[in-house]
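[1] return a 3D structure for these sequence lines:
(one chain, ligands or ions: 3)
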Amino acid sequence: MSMAFSFRPHNFEANKVSWKQDYELNGRRCWVQPRRDGIDHEIFRHRTKWKLWSLSLTTTRPAPIRKYDERTKLEEGFVVPDSNAFGNNFRDYNKETERNKAVEEFYRTNHINQTYEFVKEKKEKFGKLNRAEMSIWECCELLNEFVDESDPDIDEPQIEHLLQSAEAIRRDYPNQDWLHLTALIHDLGKILLHPKFGGEPQWCVVGDTFPVGCAFDPSIVHYKHFKDNPDWNHPVYSTKLGVYTENCGLDKVAMSWGHDEYMYLVMKENKTTLPPAALFIIRFHSFYPMHKNGAYTYLLNDEDKEMIKWVHLFNKYDLYSKSKVRVDVEKVKPYYLSLIEKYFPAKLKW
Ligand SMILES: O[C@H]1[C@H](O)[C@@H](O)[C@H](O)[C@@H](O)[C@H]1O
Ligand SMILES: [Fe+2]
Ligand SMILES: [Fe+2]
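    Ligands and ions are numbered 1, 2, ... in the order given. Sure, this is the predicted structure:
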């Protein structure tokens, strides 16, 4: 195999290389060059050019991670792939595929059943956090068996998605360890699917979220199915503001019940030391109607408007890191355990 690389990264001369094909990343072939200074170089081909980034996968090393573009001579961030693991556009809910049929059926059930009353009951029930005591990592491992039925972009077990998004954000923001941990835990609320938690059905655990107690916005995925929701014709809940007041703030808004709100409650009650931005990201990362489509702005207050930037930043890694490439769990585990120890108690109430 020819190894003709045209780039010249810093310190290139110092590294007598013997490139070794190692694995695929986002459908690309990559080579990894472990170096004596502890910072591995990963090389991959993006469109017509070779790119390089340095990566470091253990806690003991600093992580000066960057990608290097030979043509522009610039370092750049995470490259958003052109298509998902199935060769389709990301979040394309309308393309006729077998998977999308199941996804639509998921949203039909979700839209019919998520009512204002239903959400209040679930919050009350699961807000007690009296179902299990376990560490964050134990919860990650329990998620191994679940595949999210609402997601057109990935059919891998959830732990893969957690690690893929965490590793992707870590590459671009090596010094923001709170972001790495936020990504790792952002979907842990899906543990509600587990028999320990009564094995909740998918429609009230996963999928995009939206406010209840006021009118459903037409930008919500598969909006048409709301017509069979009992709140559809409710005299108050079907109005624009519903039970809310203009710009009352998202903290006061009841969102459709699912993994976001549950994980937010778990973090808050177990007194995480993660910053407020982390809580905001986790609580609203599935609120695509707001953060992607710009709906419901009349419910946001100034603080929310300020915080959205974090959800936008995070969303890129949540959505576009989904791929068929597995992360080596054992390799990265020590790093994430150290973050968990920094920001959470050893055991949490769930
Ligand atoms: O299907 C996905 C999945 O359930 C994600 O965890 C959620 O955050 C997204 O909003 C949703 O589109
Ligand atoms: Fe999610
Ligand atoms: Fe996610």
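
[2] what does the protein put close to ligand 1?
    Counting by Cβ under 6 Å from any ligand atom, the chain comes close to ligand 1 at 148, 150-151, 187, 206-208, 285-286, 288. Quick note: C-beta positions are derived from backbone N, CA and C, even for glycine.

[3] which of those residues fall within helices?
    The helices, defined by DSSP state H, take in residue 288 from the residues of the chain next to ligand 1.

[4] keep the residues of the chain next to ligand 1, but drop any that are not near ligand 3.
    When the residues of the chain next to ligand 1 are checked against ligand 3 using Cβ under 5 Å from the ion, the ones in range are residue 187.

[5] including pLDDT, could the residues of the chain next to ligand 1 go into CSV?
    What follows is the residues of the chain next to ligand 1, written out as CSV (pLDDT from 0 to 100):
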residue, pLDDT
148, 92
150, 94
151, 91
187, 97
206, 98
207, 98
208, 98
285, 98
286, 98
288, 97
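
[6] turn the residues of the chain next to ligand 1 into a markdown table, columns for neighbour count.
    What follows is these, written out as a markdown table (neighbours: other Cβ atoms under 10 Å):
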| residue | neighbour count |
| --- | --- |
| 148 | 24 |
| 150 | 20 |
| 151 | 20 |
| 187 | 26 |
| 206 | 27 |
| 207 | 27 |
| 208 | 23 |
| 285 | 24 |
| 286 | 27 |
| 288 | 21 |
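
[7] out of the residues of the chain next to ligand 1, which is nearest to residue 225?
    For residue 225, the closest of the residues of the chain next to ligand 1 turns out to be residue 207, at 11.8 Å, with distances computed as Cβ to Cβ.

[8] surely the closest one is in contact with residue 258?
    Yes: applying Cβ atoms under 8 Å, one finds residue 207 in contact with residue 258, separated by 6.6 Å.

[9] which neighbours do the two have in common?
    Applying Cβ atoms under 8 Å, 6 or more residues apart in numbering, one finds that residue 207 and residue 258 are jointly contacted by residue 286.

[10] hey, where'd the helices end up in this protein?
    Counting by DSSP H, the helices of the chain are 98-113, 116-126, 136-142, 158-172, 177-185, 259-269, 276-284, 288-291, 302-320, 329-343.

[11] show me what the fourth one is packed up against.
    In other words, helix 158-172. Using 3 or more Cβ pairs under 8 Å, 6 or more residues apart in numbering; DSSP states H and E as the contact criterion, the secondary-structure elements in contact with helix 158-172 are helix 136-142, helix 177-185, helix 302-320, helix 329-343.

[12] closest one to residue 80 among the ones you listed?
    Smallest distance to residue 80 across the helices and strands packed on helix 158-172 (Cβ to Cβ): 4.8 Å, for helix 302-320.

[13] anything in that closest one near ligand 2?
    No: using Cβ under 5 Å from the ion, helix 302-320 stays clear of ligand 2, coming no nearer than 6.8 Å.

[14] which single residue of the protein ends up nearest ligand 2?
    Scanning the chain for proximity to ligand 2 using Cβ to the ion identifies residue 187 as nearest, at 4.4 Å.

[15] dump the residue contacts of the residue nearest to residue 297 when sequence neighbours are not counted.
    Closest residue in space to residue 297, ignoring its immediate chain neighbours: residue 290 at 7.7 Å, by Cβ to Cβ, 6 or more residues apart in numbering. With contacts defined as Cβ under 8 Å, 6+ apart, residue 290 is in contact with 284, 296-297, 300, 308.

[16] repeat that for residue 282.
    With Cβ under 8 Å, 6+ apart, residue 282 has these contacts: 182, 185-186, 189, 260, 263-264, 267.

[17] by neighbours, which of these wins?
    residue 182 (30 neighbours; other Cβ atoms under 10 Å).

[18] contacts only, for the closest residue to that one other than its chain neighbours.
    Excluding the flanking residues, the one nearest residue 182 by Cβ to Cβ, 6+ apart is residue 278, at 4.3 Å. Residues in contact with residue 278 (Cβ under 8 Å, 6+ apart) are 178-179, 181-182, 267, 272.

[19] show me what residue of the stretch 251-350 of the chain gets nearest to ligand 3.
    residue 318 (4.4 Å).

[20] and for the closest residue to that residue other than its chain neighbours, the neighbour number?
    Residue nearest to residue 318 in three dimensions, not counting chain neighbours: residue 165, with 5.2 Å by Cβ to Cβ, 6+ apart. Under the neighbour criterion other Cβ under 10 Å, residue 165 is assigned a count of 26.

[21] please list the residues of the stretch 201-350 of the chain that sit near ligand 3.
    Proximity of the stretch 201-350 of the chain to ligand 3, by Cβ under 5 Å from the ion, involves residues residue 318.

[22] was I right about residue 277 contacting residue 311?
    No: in this structure, residue 277 sits apart from residue 311 without contact. The criterion is Cβ under 8 Å, and the distance is 9.0 Å.

[23] out of the two, which sits in the more crowded spot?
    Neighbour comparison, residue 277 and residue 311: the larger count goes to residue 311, with 23 against 18 (by other Cβ under 10 Å).

[24] which residue packs closest to the more buried one, ignoring adjacent ones?
    By the measure of Cβ to Cβ, 6+ apart, the closest residue to residue 311 outside its immediate chain neighbours is residue 291, 4.7 Å from it.

[25] for residue 314, see how far away that neighbour is.
    9 Å (Cβ to Cβ, to the nearest Å).

[26] what touches both of those two?
    In the contact map built from Cβ under 8 Å, 6+ apart, the residues linked to both residue 291 and residue 314 are residue 285.

[27] fine by me, we can end here.
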